[in-house]
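Colleague: Compute the structure for the input listed below.
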Amino acid sequence: MELILPNLSIMINNLKTPNGKAKKGQVTVRVDSGVVKACFPRNYCNKSQIKLATGIPLGNGWEYIASKLQRKLQTELEDGELDDGEGNFNLGHYQDILKKYGLRSNLKLGKSTLTSEDQLPPKPELSLMEIWDRYCESIKPGLKETTYAKAFSETFTNFLKSAIEATKAEDAVKIRNWLVENRNLPAVKKLISHLSKAYRFAIKGQLINHDPFDGMSDEIKQLGAKGKKQNEVETESDDDILDRSKSYSWDEVLIILESIKQTTHWYNFIKFKFLTGVRTGEAVAFMWGDVKWDSEEILIRRTYDRVTKGFYPTKTAKGNQSVIRRFPLPKDGELWSLLKSIPQGKANEIVFKSKTGKIILGTTFHAVWSGAYGNKGIIPLLIKQGKLSKYLKPYNTRHTFITHQIFDLGRDEKIVSAWCGHGEMVSQKHYQDITDRAMQINPELPATTSQQVQQSEINLLKEQLQQQQELINKLLSGQT
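Modeller: Reported below is the predicted structural model:
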């Protein structure tokens, strides 16, 4: 008895409209570029066409196998089994279906070995919370149940949801800033660190290619949020202040300044840091009342803390004793000319302002300097141009000033310490004596030149005194 097979080509074509195109929402299994493929509807996943090899060999009876596979795939599609639950095509389940039908394609899980004929849609962009949830699930087995429930499932997750809702965005900088200002800082530091790990986890899984939280936790100090004590104020570290490898040469300083000369507010701010060695917070907090034109000096007596948005007295590198530092302001010197070039404000107004006339934030300065958060970056650009050989962090402007004074100009370290408040600070009893001596020195001249100038002034005074004494002697002689 002859076995009569139904016209399978008609059965398959019945799934198409009169013009030969598949009905909306229908799977077809057909020959495409010489290979039998399963073609899924365009509206199924991100409006992208999915075409996958089936492993059905072309030859007698291929249509029958194709028909059976088509019906199975249609059912699985309608039941949602071909969705991995996250909007992606479930390639693993598709492979399982092929195996049930005794078929094998060259598709493999993990690293894709799809042929040029196979087409999977692009993976949808994951939201911050999706990335966070995936990460939490990955670390859950290694944590205590109570730790996971309290810290990750509750505290950290609620922090994130609140930040996203408040900022109306998933911008890493905005979220970090909101968290720092509105939540417990130690917890925020841990959360930002875990967020960076979450993004690295997603990168490893080839889901994304960028970690926007990279390095952010390092910028957050373990400080109390509001109402901090003086000894909790952030201070740049001076532990390696004399390490010349962590400073720029003065020629490199001139290159940096020349490159930003047209950006007035950044030029003024950065040049002030290079000329004085002040910390970033001290430069931000510098006010017009700290400029003493008559006595040719400036006072460094406060710092600005970006977390509390408050001003605090300066302190020595060792201990919490508040010290007002005096720094020479030689008339018509570089520092004098720099300050004179800036429109002078009231005594309680800050000297260095942002482009919009507001206070300069340390995070903004760091981003402009390093190239973070969408900025090209002053230093990375100069390195790319071959004008600088290394990247140093913004606080290394302080290192640069100090090493320049000591190693290049031959300045006594105690003098530089009195100017900058770093290292083994002298006792308060002798601080004023050293400060008085330091104020007689021009920081813009080599130590030998300064000493020669001082010696010349002393010799001139001696000569004047001698001339006066001779005149007095003549007058007295004439009277007798």
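Colleague: what residue ranges in the stretch 351-480 of the chain score low on pLDDT?
Modeller: Counting by pLDDT under 70, the stretch 351-480 of the chain shows low-confidence ranges at 372-374, 422-442, 447-462, 478-480.
Colleague: residue contacts, residue 139?
Modeller: Counting by C-beta atoms under 8 Å, 6 or more residues apart in numbering, residue 139 touches 148, 152. Just so you know, the C-beta spots here come from the backbone N, C-alpha and C atoms, and that holds for glycine as well.
Colleague: Quick check: which element contains it?
Modeller: Remark: residue 139 resides in helix 128-139, with elements defined by DSSP states H and E.
Colleague: which secondary element of this structure has the worst mean pLDDT?
Modeller: Sorting the helices and strands of the chain by mean pLDDT, DSSP states H and E puts helix 8-13 at the bottom, at a mean of 40.
Colleague: same for the next helix or strand after that one, what does it pack against?
Modeller: Reading on from helix 8-13 to the C-terminus, the next helix or strand found by DSSP H and E is strand 28-32. Applying 3 or more C-beta pairs under 8 Å, 6 or more residues apart in numbering; DSSP states H and E, we find strand 28-32 packed against helix 8-13, strand 35-40, helix 62-78.
Colleague: so how many other residues sit close to the nearest residue to residue 378 once chain neighbours are set aside?
Modeller: Distance criterion C-beta to C-beta, 6 or more residues apart in numbering; nearest residue to residue 378, sequence neighbours excluded, is residue 369 at 5.5 Å. For residue 369, the neighbour count with other C-beta atoms under 10 Å is 25.
Colleague: Is it correct that residue 369 is in contact with residue 379?
Modeller: Yes - contact criterion C-beta atoms under 8 Å: residue 369 and residue 379 qualify, at 6.1 Å.
Colleague: Determine the residues that are contacts of both of the two.
Modeller: Shared contacts of residue 369 and residue 379, defined by C-beta under 8 Å, 6+ apart, are absent.
Colleague: any low-confidence regions in the stretch 151-300 of the chain?
Modeller: Within the stretch 151-300 of the chain, the stretches with pLDDT under 70 are 221-240.
Colleague: Now do the helices in it.
Modeller: In order along the chain, the stretch 151-300 of the chain carries the following helices (DSSP state H, counting those that start in this stretch): 157-167, 172-182, 185-204, 216-219, 250-259, 264-276, 280-284.
Colleague: With the stretch 301-450 of the chain instead?
Modeller: 334-340, 362-370, 378-384, 396-403, 413-420, 428-438, 447-479.
Colleague: Against which helices or strands is the second one packed?
Modeller: When contacts are defined as 3+ C-beta pairs under 8 Å, 6+ apart, helix 362-370 packs onto helix 172-182, helix 280-284, helix 378-384.
Colleague: Residues touching that helix, excluding its own?
Modeller: With C-beta under 8 Å, 6+ apart as the test, helix 362-370 has contacts from 173, 177, 219, 266, 269, 280-281, 284, 306, 354, 372-375, 377-380, 391, 393-394.
Colleague: Can I get the buried ones among those as something I can paste into PyMOL?
Modeller: A single PyMOL command selects the buried members of those (16 or more other C-beta atoms under 10 Å):
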select buried, resi 173+177+219+266+269+280+281+284+306+372+373+377+378+379+380+394
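Colleague: ok, now which ones touch residue 285?
Modeller: Residue 285 makes contact with 302, 303, 304, 311, 350 under the criterion C-beta under 8 Å, 6+ apart.
Colleague: Provide the backbone phi and psi angles at it.
Modeller: Dihedral pair for residue 285: phi -90, psi 0, per degrees, to the nearest 10.
Colleague: What distance do you get for the residue nearest to it when sequence neighbours are not counted to residue 278?
Modeller: Of all residues beyond its chain neighbours, the one nearest residue 285 is residue 304 (4.1 Å), with distances taken as C-beta to C-beta, 6+ apart. From residue 304 over to residue 278 the distance is 11 Å, taken as C-beta to C-beta, to the nearest Å.
Colleague: Name the nearest residue to residue 446, sequence neighbours excluded.
Modeller: Using C-beta to C-beta, 6+ apart, the closest residue to residue 446 is residue 409 (4.7 Å).
Colleague: Quick check, the one you found in contact with residue 445.
Modeller: Yes - taking C-beta under 8 Å as the definition, residue 409 is a contact partner of residue 445 at 7.5 Å.
Colleague: Give me the distance from stretch 269-282 to the chain's centre.
Modeller: Here the centre of stretch 269-282 is set off from its chain's centre by 20 Å, with C-alpha atoms, centre = their mean, to the nearest Å.
Colleague: follow-up on the earlier one: can you tell me how far the residue nearest to residue 378 sits from residue 396?
Modeller: Taking C-beta to C-beta, one finds residue 369 at 10 Å from residue 396.
Colleague: repeat for residue 184
Modeller: For residue 184 relative to residue 396 (C-beta to C-beta), the value is 31 Å.
Colleague: With residue 51 instead?
Modeller: 55 Å.
Colleague: So between the two, which is more surrounded?
Modeller: The neighbour comparison of residue 51 against residue 396 (other C-beta under 10 Å) goes to residue 396, with 22 against 18.
Colleague: you'd agree that one is up against residue 243?
Modeller: No - counting by C-beta under 8 Å, residue 396 sits too far from residue 243 to count as a contact (9.7 Å).
Colleague: Need the pLDDT of the closest residue to residue 361 other than its chain neighbours.
Modeller: Sequence neighbours aside, residue 306 is the residue nearest to residue 361 in space, at 5.7 Å (criterion: C-beta to C-beta, 6+ apart). You'll see residue 306 listed with a pLDDT of 73.
Colleague: Just the terminal-to-terminal distance for stretch 149-161.
Modeller: One end of stretch 149-161 sits 16 Å from the other (C-alpha to C-alpha, to the nearest Å).
Colleague: Please parse the chain into its domains.
Modeller: Domain assignment of the chain by automatic domain parsing yields the ranges 8-100, 128-222, 241-445, 453-480.
Colleague: And the second one, how far out from the chain middle?
Modeller: Same thing as domain 128-222. Centre to centre, stretch against its chain (C-alpha atoms, centre = their mean), the figure for domain 128-222 is 15 Å.
Colleague: Kindly report the same for the third one.
Modeller: Here the centre of domain 241-445 is set off from its chain's centre by 21 Å, with C-alpha atoms, centre = their mean.
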